[in-house]
Each structure stands twice: as structure tokens, then as C-alpha cells.
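>>> The amino acid sequence is not available; the structure is as follows:
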């Protein structure tokens, strides 16, 4: 295999992030199998043409079925709204395409399992978009955990705090509608925390959660881009059908204790995606707003200089760092996608499944739904029953 | 009333902190009713004599009943181990003494209610030792909440993280024995978080928690002071009968969501006692390791300079600050007790109940037990059923 | 003018950063005049061919004179070593090319003035590569100063601290050789601080400095890339002919006081490029290792919540931010170059000089040399005498 | 010697800090020789009586000569305004009293040398009040430097930033009058930095500085306490005769480079007293606003977890910490004085000179004056010529 011809469905926030990632691989990771930005797909022809031009795609089509039917495409990248994932993915793998799907895989656990099964049956490569795994500082945390340098893990606590819908007049965008988004902060933000927990600590055994929708009605949205949107204060309103905030406790298979919080009502937090791990030999702390840094504590430090150290994960020893700039020169949000697409193309070149893949997407979905069930039924829910 | 003659029972970690507080009032709060450090009480005569001398008490007695029987004592300060609180407190209020009792009030909710009732019946002043309320930065948080400057409160999250028993060879001190301490991190650390939640956000409606004892056996303790102790690695071992860590979720009466975590297994955290409050108009963050600071975010800030500001609560406008040093000159842990005893003596001088008092102690105990019940029965527990 | 055809000389650290910037404009700033990555130039044909391919240039040539002679090139980008800047620049402007030149403009003030004069005489656009001006947080600082929100400026202090040559066995790379680099930390790091001072506070009146070369001999370098290199411990050594660290004090024309420090011997500082400004109405602090943040203090804050606030310059109101990701999603080092090249192409499209341009390069060089003179002659040196 | 009877002259900001320190030794350092708070001295009889009562002194006198003449006093503590230090100190040592003198020792180097000579001739113990040496975190820095764990020291940079006179209407208190205070920020704040430099890095060889008085006239002060004061906006004004800010560069005897800044015009800095040391094997950073912390970087850390660690100097291994509270429980500004007075009484008990003593006071004064001379004469001034 000497090229990886991409057909991408979706061209907004994630479409831009993915395009930039594909486009950046040749310059920063020249030895990788290089993606070809072949065809971009979306429903609005005019907007799509602009996007194709701006984002650097060779062709554009408005019908995703047409895209999938082409035989000059190797991989389908799905970053359309969540409720469209399943149908497209099933069709794509049936057509023998490799597949990259943004998180969440689907609106339900059953759907995501169906997608996994179909992809496995088709023998294609499948990947799911948990991009935060690809921060060099998170890789360092993983390395410290896996090598045993943090010892036995006792605690994992994580919170993803945003404030973009704090204003009650912020409109009812698709991310606030259950039938499109599946869930609110839980599936959007909490899903990332859950995947990081799986990546760093392992499987969960049981969970119990609580959810709240603080603002129950909002103005209908006129237009939106990225996470911003405009509504009219005096116009019609609609019901918010997803959670504004979801918290849950978890017990991991290893006995570690977990605490999770996802909210869009944390004033002052634009996007605080943070976790801490405490083990018998050390701890690490991470905050995505300072994504180049990992705070590390090791009990083996000399006793008079023990303390959390601020490690800037930009040294050559840190994963991905040498491809970028000299030590101390930081990278940003978009780089997580570049590293993600590096894993995608590398895994395909090597004939193995990328990580994280649909197995991870299903596992995440199982926890999401277990938490939802625990909220509905007001009880601990075992992952075994999902 | 022109003096407040104190009889104090206990002379270790808290006894030292209280003594220093009583002793400091004349110098820093000269207008307050001044405590007289009359009699100190403990069981070991020799150690007690040393303590009396070092801590500055006029007399010492080894029998607390004798102390309570004296008519030249106005207030009994109880900082003996938790299992002794109830008996002493009941006797003291029966003798008409005002009373200060360290937290937790008692080992059970029933006991603490009995203590409250007795104190109320006796018409004495009663106070409980939730000292963290008395950090100037916490007072500032309270002021911002109460004045409405943070708006409607959506979230309260708090964690008290320590690591002093991380080493499995750390001995089985009294704080790890249920019959003496009542509970572990939950009652020791979590109790403070619960009181702060009550102080800052109000009553809780229901809770659900999880607990863990990571290290189930430890060497018997040879000796101990403060939080440190020495045991013998090869000597006999005993069972740890309290929790190493307890987490819980809570729903407040106002609809706010709460998340709490208390652990002694967070490597690198000597004593991180931290909370954050998110409201519709702003947020605050506090960490006792930087107790002079409050981080404050206000949505009303101009849109290009919005961010958490680090407020050093040492300006004259901040409560207690003018009694101390010029702006920027910080205070420490012990000062919370000085302010606490200022409230105690001031309330008595003014003929009102101090705050926090046994009502607050009972409320805290109710949450502690509700959480324990939720752990045992694996279900949400309403405070109404306690 | 509908296109801007670039010929770039140099293809290493800065060549990569510039290439990435040119390449990124269409995606993130689609309305700008778009650079065409036409021809790349370097001396080593094989390495150059690889670079052309990796970095995305259409053609490559090994003779810069040939490049300049072409009539299908509109702008010459010079990022060759410093000692080559002048000859190339003079030839380029003589050929009527617009010009972008990395800092420092030249090895001497006289040379840089000659370059400015030539560029002005030729009527071409000229720009110099002070990329740190293009951090959104630095733009915010500029906005606060210029709008008067910080009041009268009293203090500017700045430090650029690195540690990449702390090891005495780090080899003698070109950056440590005066005949190639002009100076050491002073011209490499201090030059950026000086430009930021000019940008944010204005002209200096007089300076006095001190310099040191802590490690006077190093192994000759075998090979190098970016800021890293390998030498042989037992091989031949050469003299370090530039400063390891240079500090200076400055008086600004406005009466503000300045303090500057540039060093490559600050252990633990990979690349701390930091400044603080104190004015009569407020202060700002910046650290490039956390480049998305600006700490802002305003005396107009209510008196009980005064403190430095951590502003994340990722909101739509912040310059450049809307082209990137949602609030709280950070950018990195390379983005300063993208914004820099946006200014370059925009200025050319608008028929004005870009900022910073050769005037700024000359002003910076004047301060650099004034400081050097002050070091040599051990006296205050007025900028008027330069 | 079994007691140390103190006569203290001055009873305001420093008088309170010293009184608290003397009073605290028995409780926290019970094994030390204990000071007796015998006689306090001041000019205003009524204020003095109040102070004696509040601060806990047995007697008070309004004539310092009378105090010195008493034979039941062992040590004179001078914290009167700076212009009174010399006369009192000379009389005290002549009377055979041990002496503690607040910094600065005197208004001139000549005076301070005379004081040192007199104290040495009299054979008494002498100490000068550089209290910041006594922060546990500063002691840790000292330990790291002295033990060689930071290697050869290349850089010391220090800044003491305040903003208490930023308001041009803040009145003309004694600290702004040269005839009383000697100098402004230089002697008040810079003196502390200089002493820390001597303590941590050693002697300086030469200096060059710059000074500024930004606000040249202020309202006459009506009253003042601590660092705060009130003046009348429309009342008479007087000239500010001291510096608002002084910066200087220094070369240490070891070849290390130093940078110093003291200002009262740094908006947002209530009292930022901060330094950083960079050595060949590591670095430390300190900020008195977070005085319990020392940031430490060691090149010997494993290469993937290198970074500044935040050490909380509250562990038993840290100097003074065991006398206080458990790890993680912080101390404040006043504790530096308690440790200072511990050194004072311990040194006297052991028959040795305390540290820092008048030698250190003279050394500091020499640098202060060398800097002043360098400002006046606009040239580098060698310490050898002082």
C-alpha cells in the first residue's frame, strides 16, 4: 500500500481539524504512509465547495452514498453529526472501506456494537476519534502508568468543564438536542474522560451517576459554527433534551476509585479537560488548557525535594515531540489530531488495528449508557449487565 | 462578663493549635473578650505537666470530671480523641459550661444530636471546630456567594487529599481505628468538606458514596505525635477498621450538584483541601495549601480580559486581614484557629451562639452517616431519612 | 496582485516554520492573499531536494543568485544563517523583490541600516521575523497598553531563559560562533525581548549591560538540526566566541525603566520567554511556555477581588483566535509564524509596509549594539549615539 | 545564662512582629533560651502603654536612654525608624547589651561600620533583621546551594515588587523621606534581596544601578500604621526624597551574574519578594507570597520527567517545620521572625554570634551605597572601593 485515499464526510469543526491533520503529516511525519485528501462530502453544495477549496480537498460530493460507492477511496472519515454515524459506517465497511469515526461512535450502545461487529466482519481498519490520547503529555502519563512508575493505581479523577452555554439565551444548537447528539455534556465531554480512564487505568466494573439540565428551554438556533451560535432572544424556544452536567463515581476492575464530572456550566472554564491519577508510587495531573505540561510526583524523590514537578512534554524523549519544535516550544489542540491521523495511517500501513478503535468506542459507549441507566434507575450499574 | 476562663481537655495536635489561638487573641484582637488559659486536662500526668508549661496553662488536672466540677471555669474545650467527646460534653453542659468541641462532634449522628439537645437545654454556648471556615479566603468566597455575585450556584466540588498513610508500613494509629475515630478519611477530612459545603452552598438533599480501605492491615503503632507515628515492620499487625478513601455525590436543596472526595492515598498531596464553586455569574476556587489565595472568576469582566484572578486575601477589605500584616504578607494554618476562637469569645460576649455550632456539627454528622448508609446499602440516601 | 510567489532561502528550523506558515494560510485565513510556495534554495542539493519535498515547495535551486534573478518570484524569504542576510537582502531588493528576513537583520547595525536604506530605495515591502509579536496573548497586551488601560507605564522587565547549552560538552554549533551568529544569547534571545519592548513600550533612551561566556571552549560540532547537535567529547575543541548570557538595564524615552536578561544557562528553562509590564492602572505578565495565557491586573477591579487574572487568549474577541478553534482550545509556537506571514501577505496586498519591518530590525540592532558597547566600555550608552 | 531579658525600642509594624516572635518561642521551641519581654520603649506614653499591654510587655519607658541604663536588661531590640538606629545601638553596646537591630543598620555605610566596630569592641552579640532568611523554603534553597546540589551558580535574579504607593495621592509617610528612611524601595526592599544574595550566592564584586522617583510630590501624611496611611488630597504636599524604584546588575565574586529590582510601583504585587538561582546542576525559585513553597529543578532527574517541582517546605525534613504543624499545613510571614528570634536566643545561649549579624548588615549597606554611587556617577562601582 503506497497511498491512503480519504473520503471525508463532514466539514465543520472536526472536518477542519481532520483536514489540517491529513495535510500536516507529510511535513512533520514524512516517513508515514501519507493520506490523500481525495473527496469531501456534505449536504450543502455551496458551503461544501467552499470547504473543499479552503481545506484542500481534490473533489467534493453531496451524496455520501456516492462517495462510498467509489473504488478510488480507501478510507471513510465520518465527522458528521452523531446521529448519522451508524448508517454511514455500516455502508462504508460493507463497501470494504477502512473507517475513521468521530466519537461518540453512535447514539446507543447497541448501535455501536453493531458497527464494531460489521467492521470486524469486513476485516477493515477502524478507528474512533478520542484525540486527547494523542497529547504528548498524556502519552507520558500512559508511559509512567504502564511502566509501573506510579505503582498500583488508587485514584483516577477527571473533569471536563466548559462554560459555553452558561448564558440561558445561548440557542438550542444540535449539541443540545438528544435526537441528534445522543447526550449532552455526558457524551460530548464525559466520553473523552471515560476513554482516558480506559486508556490510563483500564476497565470499569460499576458506576453510579447523576445528571442535570439546568436550563430547560432555549431560543431556537439561527446559525452556528464550531461551538458558537446565534439565537434570537424574542424568537421561538425549544426544549433542551440533553444533560447540562453529568457526574459519576466508578469502581475500576483493579479496585481503583474513579470520579468523573462533565459540565457546560462551569463559569470561567473555557475547556478544562483535566485528570489526576494517584498511585502507590506517584501521581500525575493533566489539564488540557496547559496541554504541553504534565505534573508528576514520584515518592522516590529525595525526601527534602518532594513535590509535583511541571514537566513540559516537549523534549526529544517525549512522544511526537521531535517531529515538532525545539524543547520549550509548545504545540496546541490541533496537534492531537495530527498524531491521531499518524496512528491511523501507520496502523493501516502496518496491517494492524489503530488505537483507539471501535472496541474502545464500544467500551466508552457502554460506560456512557451504564451511567445513564444508573441515573434513571438511581442505583449502581455494573458494566457486566450492559 | 469580663473574662472567659477556659478548661481544655486534650493537649496534642489540636490542643497546641487551640492554646496558640487563645494566647494570640490579646495581641491581635485586643478588643475581644479575652480567654484565660486556666486549666489543661489530660491523662498522662508527666506529659500533661510538660504541655501545661509549654502551652501556657496556669494549672493542670488529670481527671476531666474534676475539671468540670470546678466553678472557676466558664468554658470546656474538648479536643480529646473523638470517642471521648460525647461523655465529656454531656457532663460539661450539665455543669453549665459553655463548650467548644472539636469535630467530629461524636461517633454517631444519634450521639451528636443528644449533645446538641443537651447543650440547648442547658442554655450554654456551643461551638464545633470546623476551622477552615475561618480562612480569610474562604470568608471571601462566602461573601461572594451570599451577596449574589456568583449568581445561582450550579456546582460545588471539593476534595481533601493527603498522603500520610500511603506507605503500607505506616502504623495503625488511633485515626485508623473505628472505635476511637469513628471513621477514617471520611470523618476526618470529608467532614471539613461537608461543613464548607453547608457554609457556602447550603443543605444537601441526598447523597451516594463509595468507600475503600486500600491497606487492610498495618503494624501496631508504638508512639505517635500529630499526624506522624512510628511502627515496627516486623511487629504485630492489626486491622484497619476505617476507610482510606470515601467519595460521594450530592444533590443540594437548591438543585446544585456536589462532588466530594476524601483520601489519604493521594501521593504528593500533603494536605490539599480544595473546593470550587460554579455559579451563573462566576466561580471561585480554593486550595488550603495556598490558603491566602482565592481564585475568582466573574462573568461581568470585560470580554477581552476574562479569567480566573488570583486574589490574595490579605488586603484590609478582607475579613481578619487588618489584624495581621500589610497586604501581601501571608498567614498560615494556625490562624484559622485564632479566628475561630475569636468567634467563640465574641459570640459569648454578645450572648449569641457561635458559628459553626452543634447544629452544624449535627448537620455534618447527618451527611457523614447518610454517606455511610449509601455505601452500605448501595443506594441514594435522602437526608430526610436520617 | 493575486498571488505572492515566494522564494525561500534556508530550510532548517526557521525554514520549516515558515513553510508551515505559508502552507497554513489558505486553510485558516482563506481571505488573505495566498503565498505560493514556489522555490526553495539551499546549498546541499540532496538535503534541499528532501526539504523541498517534505516542506511542499514546487522547485528548488542551490544558487540563491539564480533564485533572485528569476522573474517569477515576488518575495524572497531569508532564513539562512545570520551572516548571509545582508548580501542576499541587498541583491533581492535590488532585483525589486519584496523581502522577509529572519532576525537579526544583520551582524552589525551599519549593515542593517544599509539593508533598510536599500529596501526603502527599492520601494519594496520588507519585514523582519520577530514572530513573538504574533502571539494572541501578546496582541492583547499591546491592546491594553495602547488603549491606555494599563495607564502610564513604569516598568518593563523581560527574560528569555534557555538551558540547551548548559552541558559543557554540548558542541560548538554555529549559534556559538560570532562570525556566523553575530552574538549569542544576546542577539538570539535578547533581540526578541528588545523587539517586544519596542512593540509594547516604545523606544529606549539609554542602556547598560553585562555579558558572560561561562563555558569558553566546546567540542567541535559533528552535525546539528534545530537547536540540537552532537559533538565528540574527546575530539577537537574550539573557542566559544559569543555570549552565554547578557543582561542589561534600560531607560525608555517615556521614563519607564527596563530590565532584560537573556541566557542559555538557566537550568530547567527550556524556553522561558517572559515579560511583565507595570503601569499606573494595571499590569500584564506573559510567558511563552504558556503562550495562550496573559496574566492581567487592573486597579479598577473591585477592592475585594483584586488580583492577576489568567486570561486565555482564545476567545473570539482575541486577535486571530476566531480563525482557530473554540475558546479554551490552545495553539502553539508555530502559529506565531502563521500570523506573521498573514501580516506579510496582507500588508503587501494592501500596499503598505508590514510590521515589524526593517525599521524595527534596525532599531533592535541599535539596542543590541548599544548594549555591546556598554559592556565593552563599561558605561551607559545612549541610543542617540548609535 | 538562663534568661534573656529584652528591652525593645519601637512598637509598630516591626515591634508587633518581634513581640509575637518572643512570645511564641516557649510554645513552639521550648528547648530554646527563652526571651523575657521585660521593657518596651517608645516616645508617645499613651500609645506605648496600649502597646505594652497588647503586645505583652511587663514594663514600658518613654526614654530609651533610661532603658539602656537599666541593669536588668540583657538585649536591646531596635525597631525604631532607621535614622535612630545608630545612636541607640552605640549607646546600647557601650552599656554591654546584646543587640538586635532592624534593617537597614543605619543610614550610611560609615555609620553601620561604626556600629559594627562598637559592637565588636564591646564583645556583645549583634544581629540584624533580615527575616526572610528564616523562611523554611529559603533554608532549603540554602541547603541545596551549599551542598552543591545546584552545582556552580551562574545566575541570581531577584525582585521585590510592591504597589502600596502606586496611588499618587498616597501620603508622604516616613518611608518616603530620605532623612528618616535613608532610601526608598532600595533600602527597604532591595536590602532584603541583597542579603538573600549574600546568604545564597556570596559576595558581590561590582554593581551598576538605576533609580527613579516616579511621583515627586505627595500629600503630607496625617497618620499611619504599618504600611498604610491617610493623607488629605487638598492639603499641603511635600517632596518625595527617596527612590520609588531601583534596579541594578551585579557581578558576584564567583563570576555569577546578578539582577535586582525593587519597586513600589508594580500594580498587582502586594509584596512579591522573589528570587531565582540557576546553577550548572539545577535551579530554585522562590516567591514570598507563596513562602511555603520552593520550586526546584535538578538536571539529575530522569530525562522524561524533568521539570520544576513545587516543594512544600512543611515536611519534617525541612528546617523549623517539625516545630509547627503536620506536612501541608502552612505557616506565614510572622514565622520568619519567630525563627529569627530563635537564632538570636540560641546564638546567645551558645556564646556565638547570631547570623545574620552586623557584618551582614554592613555588607548589605556597602552594596546599597555602591548602587547609589553607581546611580549618581553613572558607572560600575566596585565593592572594593566602598
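Yes, it's here. Keep in mind that this is a model prediction, so the values were computed, not measured. Residues are numbered from 1 along each chain as shown, chains lettered A, B, ... in the order given.

>>> Stretch A:253-266 spans what distance, first to last residue?
Terminal residues of stretch A:253-266 lie 30 Å apart, using CA to CA, to the nearest Å.

>>> Is it in proximity to chain C?
No: residues of stretch A:253-266 are not located near chain C by CB under 8 Å from any CB of the partner chain, the shortest gap being 10.9 Å. C-beta here means a position set from N, CA and C on the backbone, and glycine is covered the same way.

>>> quick check, that stretch touching chain B?
Yes: against chain B, stretch A:253-266 shows contacts by CB under 8 Å from any CB at A:255, A:257, A:259, A:261, A:263, A:265, A:266.

>>> Now the buried members of the residues you listed.
Among the residues of stretch A:253-266 next to chain B, those classed as buried by 16 or more other CB atoms under 10 Å in any protein chain shown are A:257, A:259, A:261, A:263, A:265, A:266.

>>> How many residues are close by the closest residue to the last one other than its chain neighbours?
So the one you mean is residue A:266. Closest residue in space to residue A:266, ignoring its immediate chain neighbours: residue A:161 at 3.7 Å, by CB to CB, 6 or more residues apart in numbering or on different chains. Residue A:161 is flanked by 28 other residues according to other CB atoms under 10 Å in any protein chain shown.

>>> contacting residues for residue A:161?
Applying CB atoms under 8 Å, 6 or more residues apart in numbering or on different chains to residue A:161 gives the contacts A:261, A:262, A:263, A:266, A:269, A:271, A:272, A:273, A:274, B:278.

>>> Which members of those are the farthest-apart pair?
Greatest spatial distance among these (CB to CB): A:273 and B:278, at 15.7 Å.

>>> Which one's more surrounded, those two?
The residue with more neighbours, out of residue A:273 and residue B:278, is residue B:278; 28 against 24, by other CB under 10 Å.

>>> from memory the more buried one sits against residue A:266, does it?
Yes: judged on CB atoms under 8 Å, residue B:278 makes contact with residue A:266 at a distance of 4.4 Å.

>>> Between those two, which contacts overlap?
Here residue B:278 and residue A:266 share the contacting residues A:161, B:154, B:155, scored by CB under 8 Å, 6+ apart.

>>> Sitting in helices, which of the contacts of residue A:161 do you find?
Using DSSP state H, no member of these sits in helices.

>>> could the residues you listed go into a markdown table alongside pLDDT?
Output for those, formatted as a markdown table (pLDDT from 0 to 100):
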| residue | pLDDT |
| --- | --- |
| A:261 | 98 |
| A:262 | 98 |
| A:263 | 98 |
| A:266 | 98 |
| A:269 | 98 |
| A:271 | 96 |
| A:272 | 97 |
| A:273 | 97 |
| A:274 | 98 |
| B:278 | 98 |
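
>>> quick one: which of those residues is nearest chain D?
Looking at those and their distance to chain D, the nearest is residue A:274, at 17.0 Å (CB to the nearest CB).

>>> Grab the nearest non-local neighbour of that closest one.
residue A:287 (4.3 Å).

>>> With residue A:83 instead?
Closest to residue A:83 by CB to CB, 6+ apart is residue A:180, at 5.0 Å.

>>> With residue A:299 instead?
Using CB to CB, 6+ apart and skipping the chain neighbours, the partner closest in space to residue A:299 is residue A:281 (5.3 Å).

>>> try residue A:251
Per CB to CB, 6+ apart, closest to residue A:251 is residue A:205, 4.8 Å.
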